[in-house]
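Colleague: Predicted model, plus sequence, below.
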Amino acid sequence: MTLAKEIGLYIIIRPGPYVNAEANAGGFPLWLTTGEYGELRNSDERYTEAWTPYWEEISGIIKPHLITNGGNVIIFQIENELNGQWEDIDDRILYPPIADYMQLLQDSARESGIDVPLAHNAPNMNGFSWSRDFSNATGNVDVVGLDSYPSCWSCNISECTGTNGEYVPYQTIEYYTYFTIQSPTQPNFMPEFQGGSYNPWGGPEGGCPTDIGVDFANLFYRDLIYQRVSAISLYMLFGGTNWGHSACPVVASSYDYSSPVSEDRSLWDKFYETKLLSLFTRVAHDLTHTNRVGNGTMYTGNKAITTAELRNPETGAAFYVVRHATSSSNTRETFRLDVDTSEGQLTVPQFGNHITINGHQAKILVTDFTFGDKTLLYSTAEVLSYAIIDGKEVLALWLPEGESGEFMIKGDPRAKVLRVADDSSVSVHQRNDGFAISYTQTSGMSMIQLGDGARILLLDRETAYRFWVPSLDNDPMVPENNTSRFYGIQSSREEPN
Amino acid sequence: MVSNHPGRSLTDIPVVLVEGPYLVRSAIYDKKKKVLHLTGDEEDARTITVFGPKNLCSITWNGQKAPVESHNGNMYVVSTEGPGEFELPSLGRWKWADSLPEIQEGYKVNYKAWVGELRS
């Protein structure tokens, strides 16, 4: 926890007492598994007496690191993937052995001084457990999320058909409706979303990175945003090695997981692809509070493309997530997008060539995206990041090489285009209070210089992969300087339901 | 760093932008000496582009001064060195114990040697 704080990371802590994680006995000490403590993971007194000393001790260790005490632990997870609140879901008939167990864990944590939100991670969309929106029953936590591995958590895909159905490469799963039933006032939260897959005994040498590589990261993480997910923890971002006997027999020593950071700590294109999106979400402040005001194929003239419109009700900024209507499709599609902006309805691009979705890809296109003093009225290129250096904006957009992009900047009469690096493929459409630029993305990085000193960088994917925005301090909330914002979580613990 | 442009209220965001390296690990700005210290990993010597405070005296990469190839306002193009040379030590002599007699040819199963499972 101390090391994470030094390098500028927040923590969601998951002390169990059962954690699974392909770990030896799921994290339990082996003496617990003799049968003397009952079936475990329920309100049996023998089991309760066994976990209590551990739980009190670990809570005491964690307490000074809580964000409420100036530390970096923001959420404390109770148990792991434990359905079973209900004997009967429809009639809300409680199942006390598990409901009481979940309540005992929470009460004990609270008594030990854990006052950050308590969370849980549902294993599937069948249990409807632990949510304050779904019931007032025993065992509810503050925020309950959903774990999902649409391309299977294992290289042996038969392990997942029970949860996911028949395996189809690049086929996404729909969670939006489930969240509206299970947890409508809580963030759509994925405590574990697929970062890769473990390689079981007898699995292929080198794991199974094929369907869960670069394209998977591009499509599936954006598809979560399509479904208004606003909190994602990747399992795994880095898996590493199961040293000694830390693993349970389902896996061997390698926990490489084909995750974005490999077992030997090397980076590959899946890391860089994931970084493109996470750099964007870091600066897309308005994305933290949106309603999904529409979704479907009516946003473009191309029926093969579906769009989700997420809109911030306070600022009016919107995020249009576009992907194939059939998620597993890899065709090359082109289209223009109908958007609602602060200057009315537009069809973009207005001047240049169409938007492209080529292969297993999705895009998040912004309208009314503010950066510094300026506003991107719209952009058909994805925003990578922006900074304000010496009082001037530097905005970075990216596109696959050869694709076309167009953006319009409004709100600053001094924002005249001064210089465009090399580029004959760039057209400038100047207005009274801003300008639009349409272009074709070349290889590398080109720069547009504005009259007021601001700069716009246009990068192709390979160049964007090597683009970094290191912070000059260790505040994980960079660039936001406000105190942390957690919609609906911090306050819900205090309010009676 | 607050903007010193009259009439503009833009507050700087405490980041720099770096394009080029395999991995950028950290950035520290020594305001007094106007030096930007970057650390990271690189596979080869290369030039990288840095967007940072416009009046930097120098930029370092992994503790070494990175020569400035060009400087245009807040944009710097600097040269970085590739990874250093090193020699792997030779690892030997190995000691090992064969823990899998079962896979040896000629292994014979002797059921008497196995203790039955007493409880599930």
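Modeller: Looks like it came in fine. Numbering: from 1, shown residues only, chains lettered A, B, ... in the order given.

Colleague: C-alpha from now on. contacts and neighbour counts both.
Modeller: Noted.

Colleague: what's the pLDDT at whichever residue of the stretch 151-300 of chain A sits closest to chain B?
Modeller: Closest to chain B within the stretch 151-300 of chain A is A:Leu267: 8.2 Å, counting by C-alpha to the nearest C-alpha. Note on A:Leu267: pLDDT of 98.

Colleague: what's across from it in the sheet?
Modeller: Beta-bridge partners recorded for A:Leu267 (DSSP bridges): A:Val261.

Colleague: I figured it was touching A:Glu273, is that so?
Modeller: No - A:Leu267 is beyond contact range of A:Glu273, at 10.7 Å (criterion: C-alpha atoms under 8 Å).

Colleague: out of the two, which sits in the more crowded spot?
Modeller: The neighbour comparison of A:Leu267 against A:Glu273 (other C-alpha atoms under 10 Å in any protein chain shown) goes to A:Glu273, with 21 against 15.

Colleague: buried sites along the host helix or strand of the more buried one?
Modeller: Here A:Glu273 sits within helix A:269-283, counting by DSSP states H and E. Buried residues in helix A:269-283, counting neighbours by 16 or more other C-alpha atoms under 10 Å in any protein chain shown, are found at A:269-277, A:279-283.

Colleague: just checking, next helix/strand downstream of it?
Modeller: Following helix A:269-283 in sequence, per DSSP H and E, is strand A:291-296.

Colleague: May I see the buried residues of helix A:269-283 organised as TSV, with distance to A:Val73 added?
Modeller: TSV is the format used below for those (distance: C-alpha to C-alpha, whole Å):
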residue	distance to A:Val73
A:Asp269	30
A:Lys270	27
A:Phe271	25
A:Tyr272	26
A:Glu273	27
A:Thr274	24
A:Lys275	23
A:Leu276	25
A:Leu277	24
A:Leu279	22
A:Phe280	23
A:Thr281	21
A:Arg282	19
A:Val283	22
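
Colleague: between those, which is closest to A:Pro204?
Modeller: Proximity of the buried residues of helix A:269-283 to A:Pro204 (C-alpha to C-alpha) peaks at A:Lys270, which lies at 19.5 Å.

Colleague: List the residues that contact the closest one.
Modeller: Going by C-alpha atoms under 8 Å, 6 or more residues apart in numbering or on different chains, A:Lys270 touches A:Gly213, A:Val214, A:Ala217, A:Ser259, A:Pro260.

Colleague: near chain B, which of those show up?
Modeller: Among these, no residue sits close to chain B (C-alpha under 8 Å from any C-alpha of the partner chain).

Colleague: Closest to A:Ala50 out of the residues you listed?
Modeller: Closest to A:Ala50 out of those is A:Ser259 (35.0 Å), distances taken as C-alpha to C-alpha.

Colleague: and the closest residue to that closest one other than its chain neighbours, what is it in contact with?
Modeller: In space, and not counting its chain neighbours, A:Ser259 is closest to A:Gly196: 4.9 Å by C-alpha to C-alpha, 6 or more residues apart in numbering or on different chains. Listed by C-alpha under 8 Å, 6+ apart, the contact set of A:Gly196 reads A:Trp153, A:Pro209, A:Ile212, A:Gly213, A:Tyr235, A:Met236, A:Tyr257, A:Ser258, A:Ser259, A:Pro260.
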